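Colleague: Build the 3D model from these lines:
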Amino acid sequence: MADEELDLDTQGGGKLTKILILLVIVLLLAVGGLGAWLFLGQDKEGDEAEAKGEAEHAAVERAPAHYLPLKPEFTVNFADDRKAAYLQVEITVMARKPEALTVVEEEMPVIRNDILNLLSSKTYDELSQRAGKEALAAEILKTIQGIVQERLHEPGVDAVYFTSFVMQ
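Modeller: So this is what the prediction gives:
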């Protein structure tokens, strides 16, 4: 009978150990699951905000383009007069948000001044190649975006186009 009691105690102790191990495993799984839920929940919020931002950006890209010609055309003397005496350029600005073009109209004296200064600093050689014209368009765009940025807190203007480009 003592042997039977010993077997019962050993079996009971084994069951208790198994139950404790099982409880520890369940507890670890629960804590791990909670941690993963919290971690992924925060990530999901960030992903949702990022997706919302991308959706707004896509909506702006799908918005119709609005154009504003900068009149009158720009006429400047070249920085060097070896090959040509002057440059005459007509520029049109494109924006997807009409309020950006409103700012351009309101700030036209400043924009025209900055563009005239930029144009007059160029040479015939710089602008005789396509790459030079593209670089000039990028500089003009950056100039206008800087002015619009001060008022709207965003660049606002998406592109600058030369609608006429004459060097003589």
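Colleague: Please make it C-alpha for all contacts and neighbour counts, starting now.
Modeller: Noted.
Colleague: List the buried residues in the helix or strand hosting Pro69.
Modeller: Taking DSSP states H and E as the definition, Pro69 sits inside strand 66-77. Buried residues in strand 66-77, counted by 16 or more other Cα atoms under 10 Å: 67-70, 74-77.
Colleague: With pLDDT and distance to Ile19 as new columns, can those residues be given to me in CSV?
Modeller: Shown next, in CSV, are these (pLDDT from 0 to 100; distance: Cα to Cα, whole Å):
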residue, pLDDT, distance to Ile19
Tyr67, 97, 75
Leu68, 98, 77
Pro69, 98, 81
Leu70, 97, 82
Phe74, 97, 87
Thr75, 96, 90
Val76, 95, 90
Asn77, 89, 92
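Colleague: Which members of those are the farthest-apart pair?
Modeller: Spatial extent of the buried residues of strand 66-77 (Cα to Cα) is set by the pair Tyr67 and Asn77 at 27.1 Å.
Colleague: can you pull the contacts of Ala36?
Modeller: The contact partners of Ala36, taken as Cα atoms under 8 Å, 6 or more residues apart in numbering, number zero.
Colleague: Just the pLDDT for it.
Modeller: Ala36 carries a pLDDT value of 74.
Colleague: Which stretches in the protein count as strands?
Modeller: For the chain, the strands defined by DSSP state E occupy 66-77, 86-95, 157-167.
Colleague: Okay, domains of the protein per the record?
Modeller: With domains defined by automatic domain parsing, the chain comprises 1-62, 66-167.
Colleague: Point out the most buried one among those domains.
Modeller: Most buried of the domains of the chain by mean neighbour count (mean count of other Cα atoms under 10 Å) is domain 66-167; its value is a mean of 16.
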